[in-house]
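[1] My questions concern the predicted model and sequence given below.
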Amino acid sequence: VANIGNFTAGGNFVLNDAAPTLGIAGTVSGSSVILTNPGGIVFAAGARISAPLGTVQLDAASGSINASLGTIDAGTLSGSAVSALFTGLNHVASLGSFAVGSGLVLFDAQPLGVTGAVSAATVSLVTDALALSPGGTITAATFELAPLTPGGAMTLGGAGSSLASLAGISASSYRLGAVSPPGAGSPRAGSISVVAAFDAQNHPLELDAIGTIQNAGGALVNVATLTGQAASVALANPANSIANLGTFTAGSFLLNNAGALSVTGALSAASISLSAASLLIPGTISDGGAGTVSLVATAGGISEAGSLIAGTLSGSAAGGASFTGANSIARLGSFTAAALTLVDGAPLTLVGSVTAASLDLRAAGLILTGILSDGGAGTTRLTSTGAIAASGSLIAGTLTGSASLDASFTGSNGVANIGNFTAGGNFVLND
């Protein structure tokens, strides 16, 4: 059979077909509709298969199912194919067992359940709500979920949300808020709100939104690596549990984290605020060089050996704070730590109040208009490949360092001792 036109069955409709491909050219309806064609099944424009309370089973073991121009109404959709594309205005209550070699794409105009074993290299589901029943599983290299309406809101966590958790979904990568076909991964969700605890099951999680990604009563928990894109990110819930922060682009980015956090990718936003038990930064943090970066380690230290690009850096650490990577920091605002080491490839202006028992600042030039203090009994080392111009306040137990040009400390200073210090030009200290 080359094509099926309009066909109505009062009971089940079953067709096993050996033609090269089977075309759906009209409306095929029945209590259940079961079609088998190894070569493939193709829907013409406006074609429909309807079994709203029953099963639609489509099997194309060696071919593809292309329903991009047609629609399906089904209580349960199941089948098999090399690839399966359902991008029409479908109404599918649940996905049963469906095995696809490459990509399975389903657009669904109603909440979608999963009751069987769904597998594909990429599973892309576009629906406003997805729920997995006991026995329902999704296995894929890439799993994607986005709302049906472009710009629609997504909610995560708890019953009645777009997705309660990643339980029952086994994949290498998880993308929420965008799907790759169509749109090549462009955000489809207008916003993503975590309304109850969302358990990522220790998997990586990509969140993509046109607008805001936020905690709204719930926390992101057990996230292996968080990546994504948004206009703004406001994950302020201190119960967030994220092990790694990968590549993320936003207009502003705020994250409070309960445990240790490692920045392994490239974080880019004009305003960045990270708070965690401790911070490890082998990756890149950038506000573009004209924004603000706030880094807080509530229980441990901060260790940065990657790259930090900041208009103004501020923060605190319960332990030490070390910034020794390929850095370009224009200004240092208020910062408190047990010890602070900062290596800057650009001229650095201290504008805030910086306090640590051990201070080591190295830059292409140093301007101190704020307060720099080791408490009066610690050590302060200042190194500049240009000049040092300090008109603010310097409190030091022992001051050491060097400047290729002048070193001038003309502010309100309290320096107990001067150790080794070399200036290529003049050395001036008012104490």
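    Cool, the structure landed.
[2] Could you point out which residue ranges in the chain have low pLDDT?
    Along the chain, segments meeting pLDDT under 70 span 181-185.
[3] Contacts only, for the most centrally placed residue in it.
    The centroid of the chain falls nearest to Thr227 when counting by C-alpha atoms, centre = their mean (2.3 Å). Contacts for Thr227 (C-beta atoms under 8 Å, 6 or more residues apart in numbering) come out as 204-207, 245-248, 265. No exception for glycine: its C-beta is placed from N, CA and C like everyone else's.
[4] Save these as a markdown table, and put in secondary structure, neighbour count and distance to Val33 too.
    Below are the contacts of Thr227 laid out as a markdown table (DSSP: H, G, I helix; E, B strand; the rest coil; neighbours: other C-beta atoms under 10 Å; distance: C-beta to C-beta, whole Å):
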| residue | secondary structure | neighbour count | distance to Val33 |
| --- | --- | --- | --- |
| Pro204 | strand | 19 | 38 |
| Leu205 | strand | 23 | 37 |
| Glu206 | strand | 21 | 36 |
| Leu207 | strand | 26 | 37 |
| Leu245 | strand | 26 | 47 |
| Gly246 | strand | 19 | 44 |
| Thr247 | strand | 18 | 44 |
| Phe248 | strand | 23 | 44 |
| Gly265 | coil | 19 | 46 |
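[5] ok, so what distance separates the nearest residue to Ser328 once chain neighbours are set aside from Ala45?
    Among residues not flanking Ser328 along the chain, Ala346 sits closest, at 4.5 Å (C-beta to C-beta, 6 or more residues apart in numbering). For Ala346, the distance to Ala45 equals 60 Å [C-beta to C-beta, to the nearest Å].
[6] So which of these two has more stuff around it?
    Ala346 (15 against 9; other C-beta atoms under 10 Å).
[7] Let me see the contact set for Val28.
    Taking C-beta under 8 Å, 6+ apart, one finds 4, 6-8, 13, 35, 48-50 in contact with Val28.
[8] Quickly list what the residue nearest to the centre of the chain is bridged to.
    Assessed by DSSP bridges, Thr227 has beta-bridge partners Glu206.
[9] follow-up on the earlier one: which single one of the contacts of Thr227 is nearest to Ala131?
    In terms of C-beta to C-beta, no member of the contacts of Thr227 lies closer to Ala131 than Leu205, at 18.3 Å.
[10] The closest one reaches Val223, doesn't it?
    Yes. Contact between Leu205 and Val223 holds when scored by C-beta atoms under 8 Å: they sit 5.0 Å apart.
[11] Next, count neighbours for Thr292.
    Around Thr292 there are 18 residues (other C-beta under 10 Å).
[12] how near is it to Leu245?
    17 Å.
[13] cool, Gly376 as well?
    37 Å.
[14] How much space separates Gln214 from Leu156?
    Relative to Leu156, and taking C-beta to C-beta, Gln214 is found at 10 Å.
[15] who touches both of these two?
    Counting by C-beta under 8 Å, 6+ apart, the residues touching both Gln214 and Leu156 are 192-194.
[16] Take those and lay them out in CSV including distance to Ser173, neighbour count and secondary structure.
    Shown next, in CSV, are the shared contacts of Gln214 and Leu156 (distance: C-beta to C-beta, whole Å; neighbours: other C-beta atoms under 10 Å; DSSP: H, G, I helix; E, B strand; the rest coil):
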residue, distance to Ser173, neighbour count, secondary structure
Ile192, 17, 27, strand
Ser193, 22, 21, strand
Val194, 19, 25, strand
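[17] Please look at Ala121 and Phe143 and confirm they touch.
    No. The pair Ala121 / Phe143 is not scored as a contact, 10.6 Å apart, by C-beta under 8 Å.
[18] which of the two has more neighbours?
    Phe143 (23 against 14).
[19] for the closest residue in space to that one that isn't next to it in sequence, what are its contacts?
    Excluding its sequence neighbours, the residue lying closest to Phe143 (C-beta to C-beta, 6+ apart) is Ala171, at 4.1 Å. Counting by C-beta under 8 Å, 6+ apart, Ala171 touches 123, 138-143, 203.
[20] buried subset of the residues you listed?
    Applying 16 or more other C-beta atoms under 10 Å to those, the neighbour count classes 123, 138, 140, 142-143, 203 as buried.
[21] any idea which of the residues you listed is closest to Phe409?
    His203 (53.3 Å).
[22] helices or strands next to the helix or strand hosting the closest one in the packing?
    Per DSSP states H and E, His203 falls inside strand 198-208. Using 3 or more C-beta pairs under 8 Å, 6 or more residues apart in numbering; DSSP states H and E, the elements in contact with strand 198-208 are strand 173-176, strand 220-235.
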